[in-house]
Structures are given as structure tokens and as C-alpha cells.
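1. I would like the atomic coordinates for the input below:
(2 chains)
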Amino acid sequence: MSDIPRISRRSLFRGVGSATLVAGCAAKTPTPAPAPGLDPAAPPLAGTALGPGPAPLRFTLNGAPQTLEAAPSTTLLELLRHQLDATGSKLVCDRGACGACTVLVDGAPQPSCMTLAHDVEGRGVTTVEGLATNNQLSPLQRAFIEHDALQCGYCSSGMLMSCQALLNRRGATDAAAVEHAIAGNLCRCGTYPNVVAAVLSVAKGGA
Amino acid sequence: MQPFALIRPTTLLAARDRVHEHPRARLFRAGGVDLLDRMKEGLDAPAELIDLRTIADEKSLRGINPDPAGGCQLGALVTLAELAAAAELDAVLREAAGSAATPGIRNLATLGGNLLQRPRCWYYRNVDLVCLKKGGDACLAVTGENKYHAILGGGPSFIVHPSTLAAALLALDASVDIAGDTPRNIPLADLFVGPKQDPTREHSLGPGELLLRVVLPPAPPGRRSAYAVAKEKQSHDWPLVEAAVSLSLATGVMTQVRVVLGHVAPTPWRSREAEAVLENQAPSADLFRKAAAAALAPARPLRHNAYKLPLAQGLLREALHRAADLPLPE
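-> Model prediction:
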């Protein structure tokens, strides 16, 4: 029986990531000046105040109602990955520049890294985990496989969501519309032509 | 991000009062795209975000509505995606809105946030550097890497204004309605503050003041407009240079000509020199070339951005040709 601790891919990356971060921060970066204290005796607010600690949040994830707590500073992507274990949406740039974390909020694609968790209060969120039904890949997912529309796969979950939003919006489509729809999804492997072919095949009714 | 409270006011007054008490610690939040970016970088660390999207008693914050004077009002919370899809708006504005950022960000980003976002200058965005914008005593772009910086109107700071909508809106003679202790309407051009006036800010809103909507006056008869832009990437990139023009061709000659260049100066740059060349003239390729030369005559490039002069001239000519429906010469 080996007493070497079991290392999962995820925990290894987590450890390597923080070690790299610490090494890279040898020169201390100045922290922003703390905000001045706020008056605790302020008049009552017309509206509601959440946080700064965890605050209740309800929304629907891939059709399933969720009731949980999150701090206002939590992004939707952090909530999905850390609290709901929905790790299909990928954290890459964390600045809305790459599209790997794209999810649908009430059907509209948006970067979940630039969305606060509390922004989806009462709304419906669809992630890549919500595309398959009953363990059957969706037509779009099957088309991605058949058209070899992914290589490393890091952009795929976001790419799929942008493409699914296009297909939901309009049945028939053309290459220009697909290219426009995925203009925010960066693929460093260069699979774009195959992504376009995959989406067009679904739009035409094939898979 | 540093922890913060998220405030959801239901009235405009509650939102304004909240920020007015502590204008540095409490920030308005609309789409939040630039704001969250700055908070993640450590450039801003507010104690509270005041979400404008829950305000229920000021309907004109949302949507595109008719203005009593005959034009239209664009709510500050209208998204870039909504502007790009609004068939009733002039081409220059739809094209500019549809060219910015990415489809996903355009679903979040708002008109107000686009106009009031902070500069993209990499010295400003680097939290370790104290540049003129952050209370330092020098613009680091002057002696540094200034490929993306100003060629017109620069000094002491050489940022370029980051808003893609601003140039298009200026070409349409937009004004802005501002909520404050004294509600006011000012020309959009007066919203922007140049670095000679105050290098630490880009807009003239006071504490607790809120940009409510952009007002577009009625279009003159026969108005045509166009937007031309060059970027290093086709998607998710800020312009190297952009040109927005509008003109009226009702009588065969160009009248009410507006020429605005973006990403060349610390504020959106209206070229009255180019407008003077074009006004009351029949459109021609030769005239457009002269107008473009006039627009860039005052330019003073830095070490790495002289390429912006021919680029701006080319884009301005392209926009003029498209607005006047004159075939491009080459």
C-alpha cells in the first residue's frame, strides 16, 4: 500500500498555480488603499443591500433551481466552478477577452467571468453541462466531434455556448453568421473552420 | 476582487444619495465590464457597488425612446448589442456599437459605461506604476512604449479616449442628460475632460451625478453617415484609429458635415478643419483627400505612433466615401 497521497489533476494544477503565483510576486504589489469607513447610521435605503459577506442567491442552472449563498464579489464563473462543481465553463483570461467561460443567461451568451454571481438572481443560466440530455450529447456536441471542431478543448465549452445561442436564435444560418457569433471565442488551436462547418451541419438538420 | 457590498437601489435618488456621501468608496455600476476589470487589476477597490439596473422610477435609463424635440433618447443602460441591432439609428452608431468588444460583452456593456470607461493605456492599467492619471508626476507614455497613444491634443497625458461610441455620437450632435442636484443637459463634447484641464479624469460628472441618457437631435434631411475602424484584431480589440462622419446630401452639396476621429487624442477628436474643407462642397475623392490632410495637419506623433497619421487619413477618406456613396478610389 503506497502512502503517496493521491494527486488529482485538478489539485495538482491548483498547487502548481499558487506556487507559480507566489514565485511571481516576489516584488510586493501595492494593495489598493482601503475604502474609507462608511457611516453605520446612514438613513434607510430605498432598495436592498447584499454583503460584503455571503448573501442568499436563487437562480436556475441548466433547469435545476439553486438556492445558495455567495459573496457579492463572487463572479458567476467562480460560483459555478467552486460552489456548484460545474467546471465545464473554463477560467482562462478572467477579463472577458477569451470567451472560454461563455454561458447563456436567459438565452444570451455572456462571459461568466465578467458577470457577478448575484447578477443572475431569478434568472436562468445554461452552461455546457446543460447541453446534453439523458447522457446523450446534443446535436451540436456530436457535430463538434464529427467535424473535429476541437483540439485541446479549452475553448470548446464556451465555443459551444456561443454556437448554441446562434442556433436557438435562428434555425437556418450561414458561415458569416457563425463567424460573427464566435467572434468572442478565442481558439489558439485554430479550429474555427471546423467549428463553422459543425454549426452549419446542425443548422441544415444533420449532426 | 476585494470584498464589497452590492447595493440595489430602487430609486434614482437613493442611488445618487448613496454615492454622493462617499464618492470614492461607492461606485455606480451598470454593465460593470470595465469596472470589474479595474477591480480585478486592483486599480479600484470600492466598498460598495451601486447597481443602476434595479432603479425602477427612471424608465428612460432603459431603451431607445422618442425625444420630445423630435430626435431620440438612448438610455444609459442600453447595451451595445441593443444599439447595434436598432434599425432606427444612424449607420455610424450601429456600426460603431457592433464593432466593439465581442458579442458576449456587447450583451453586458452599456452605453453609459462605454462613454465613462477608463483609458486602456497600459501604464494606467498597470497597478504597479504611478502615472499622471494616478496622481504621479509624469505620463509614462512620453518616453515609453507609445504605439497606441495620442497624436492629437496630447499633453501632459497622452492617453487616447477608449469609447468607441463617443466618436459616432459626436458625429450625430449628441447631448447628454445628467441627473444631479441640478439636472442638466450638456453637449456630449462637454462631458469629456482633456488632460490639460485635469489629467486624472476623463469626464466632467460631479460626485453623485449620473449620466441618464444620450439625446440625439432630429436628423437633418438626407443625412448619411459612416464609421470606419482599424484594429490589430478583428474582434475584441480597441481601435488603433476610428473615423465617424455624418453629412447631409439633400441639395447635392455636403452640409452639416461632422468629422470625428477616435483613438487619436485624449478626448474624441472633432476636426473642424476637415469639416471646413467639406462644408457646402460637392463630394469628390480629391476633396476627401484634402479634408483628411487638413484633419491630420495638427498631429504631433510620439516615437512609435506616426503610423496613425496615414491610417487616420485613410479611414477618414473611407468613411467619407461610404457616407457620400462615392466608390473608393483604390
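2. how is the chain divided into domains?
-> I'll assume chain A. A:57-129, A:139-203 (automatic domain parsing).
3. hm, I was asking about chain B
-> B:63-117+B:159-216, B:223-324.
4. pLDDT of the first one, averaged?
-> Along domain B:63-117+B:159-216, the predicted local confidence has a mean pLDDT of 97.
5. now the shortest one
-> Per-residue pLDDT over domain B:223-324 has a mean of 97.
6. ok, now which ones touch the residue of chain A found nearest chain B?
-> With C-beta to the nearest C-beta as the measure, residue A:184 is the residue of chain A nearest to chain B, at 2.6 Å. Glycine gets a C-beta too; all of them are placed from N, C-alpha and C. Residue A:184 makes contacts with A:99, A:102, A:109, A:111, A:162, B:101, B:102, B:103, B:104, B:105, B:235, B:236, as judged by C-beta atoms under 8 Å, 6 or more residues apart in numbering or on different chains.
7. before we move on, which element is the nearest residue to the fourth one once chain neighbours are set aside in?
-> For residue A:111, the nearest residue in space outside its immediate sequence neighbours is residue A:96; the separation is 4.1 Å by C-beta to C-beta, 6 or more residues apart in numbering or on different chains. For residue A:96, there is no enclosing helix or strand under DSSP states H and E.
8. the nearest residue to residue B:72 once chain neighbours are set aside and residue B:319, how far apart?
-> With C-beta to C-beta, 6+ apart as the criterion, residue B:72 has its nearest non-adjacent residue at 5.2 Å, and that residue is residue B:216. Look at residue B:216 and residue B:319: by C-beta to C-beta, to the nearest Å, they are 19 Å apart.
9. quick one, which of these two is more surrounded?
-> Set residue B:216 next to residue B:319 and count neighbours by other C-beta atoms under 10 Å in any protein chain shown: residue B:319 wins out with 28 against 23.
10. ok so the more buried one is a helix residue?
-> Yes - assigned with DSSP: H, G, I helix; E, B strand; the rest coil, residue B:319 falls within a helix.
11. residues near residue A:136, how many?
-> Counted with other C-beta under 10 Å, the neighbours of residue A:136 add up to 9.
12. okay, and the beta partners of it?
-> Beta-bridge partners for residue A:136, by DSSP bridges, are residue A:133.
13. helices or strands up against the helix or strand harbouring residue A:197?
-> According to DSSP H and E, residue A:197 maps onto helix A:192-203. Judged by 3 or more C-beta pairs under 8 Å, 6 or more residues apart in numbering or on different chains; DSSP states H and E, helix A:192-203 is in contact with helix A:139-146, helix A:156-169, helix A:175-181.
14. what's the closest non-adjacent residue to the residue of chain A closest to chain B?
-> With C-beta to C-beta, 6+ apart as the criterion, residue A:184 has its nearest non-adjacent residue at 2.6 Å, and that residue is residue B:102.
15. who's in contact with the residue nearest to residue B:72?
-> Residue B:216 is in contact with B:67, B:71, B:72, B:73, B:74, B:169, B:172, B:173, B:174, counting by C-beta under 8 Å, 6+ apart.
16. list the contacts of the residue in the stretch 51-200 of chain B that chain A sits nearest to.
-> When scored by C-beta to the nearest C-beta, the stretch 51-200 of chain B has residue B:102 as its residue closest to chain A, at 2.6 Å. Neighbouring residues of residue B:102 by C-beta under 8 Å, 6+ apart: A:96, A:97, A:99, A:111, A:183, A:184, B:235, B:236.
17. excluding chain neighbours, what is closest to the last one?
-> Using C-beta to C-beta, 6+ apart and skipping the chain neighbours, the partner closest in space to residue B:236 is residue B:102 (4.8 Å).
18. separation between that neighbour and residue A:102?
-> 9 Å.
19. tell me, how many residues neighbour residue A:44?
-> For residue A:44, the count of nearby residues is 6 (other C-beta under 10 Å).
20. the chain: strands as residue ranges?
-> Since you didn't name a chain, this refers to chain A. Assigned by DSSP state E, chain A shows strands spanning A:47-50, A:55-61, A:64-70, A:102-105, A:108-111, A:124-126.
21. actually, chain B is the one I wanted.
-> Assigned by DSSP E, the strands in chain B fall at B:5-9, B:26-29, B:48-51, B:64-66, B:72-75, B:175-179, B:184-187, B:210-216, B:223-230, B:241-248, B:255-262, B:269-270.
22. what about the last one, distance to the chain center?
-> In terms of C-alpha atoms, centre = their mean, to the nearest Å, the gap separating the centre of strand B:269-270 from the centre of its chain is 11 Å.
23. got it, and stretch B:16-23?
-> On C-alpha atoms, centre = their mean, the centre of stretch B:16-23 falls 25 Å from the chain's centre.
24. check whether that stretch comes into contact with chain A.
-> Yes - using C-beta under 8 Å from any C-beta of the partner chain, we find that stretch B:16-23 touches chain A at B:18, B:21, B:22.
25. by neighbour count, which of those wins?
-> Each of those was scored by neighbours using other C-beta under 10 Å; the highest score is residue B:18's, at 23 neighbours.
26. pretty sure that residue is touching residue B:49, no?
-> No - in this structure, residue B:18 is not within contact of residue B:49 by C-beta atoms under 8 Å, at 10.3 Å.
27. just to revisit the earlier point, any idea which of the strands of chain A scores lowest on pLDDT?
-> Mean pLDDT values for those show the minimum at strand A:47-50, a mean of 94.
28. for the residue nearest the centre of chain B, what are its contacts?
-> The geometric centre of chain B, computed from its C-alpha atoms, lies nearest to residue B:166 (C-alpha atoms, centre = their mean), at 2.5 Å. Contacts for residue B:166 were tallied using C-beta under 8 Å, 6+ apart; they are B:114, B:115, B:188, B:192, B:262, B:268.
29. same thing but 7 Å
-> Residues near residue B:166 by C-beta atoms under 7 Å, 6 or more residues apart in numbering or on different chains: B:115, B:262, B:268.
30. distance of it relative to residue B:261?
-> Plainly put, residue B:166 is 11 Å away from residue B:261 if you go by C-beta to C-beta.
31. may I have stretch A:78-92 exported as CSV, CA atoms only?
-> Output in CSV follows, covering the C-alpha atoms of stretch A:78-92 (Å, rounded to 0.1, in the frame of the first residue of the first chain):
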residue,chain,number,x,y,z
GLU,A,78,-16.3,31.3,-9.6
LEU,A,79,-19.7,30.3,-8.3
LEU,A,80,-20.2,27.7,-11.0
ARG,A,81,-16.8,26.2,-10.6
HIS,A,82,-16.1,26.4,-6.9
GLN,A,83,-19.5,26.1,-5.3
LEU,A,84,-21.6,24.1,-7.8
ASP,A,85,-18.7,22.0,-9.2
ALA,A,86,-19.9,22.9,-12.7
THR,A,87,-16.3,23.0,-14.1
GLY,A,88,-17.2,22.8,-17.7
SER,A,89,-17.0,26.6,-18.1
LYS,A,90,-13.3,27.4,-18.1
LEU,A,91,-11.3,30.1,-16.4
VAL,A,92,-8.7,31.4,-18.8
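32. what residues does the stretch 51-200 of chain B have near chain A?
-> Within the stretch 51-200 of chain B, the positions near chain A by C-beta under 7 Å from any C-beta of the partner chain are B:54, B:102, B:103, B:104, B:105, B:107, B:108, B:127, B:128.
33. the same query, at a cut-off of 10 Å, please.
-> Residues of the stretch 51-200 of chain B lying close to chain A (C-beta under 10 Å from any C-beta of the partner chain) are B:51, B:53-57, B:79, B:81, B:98, B:101-109, B:126-128, B:130.
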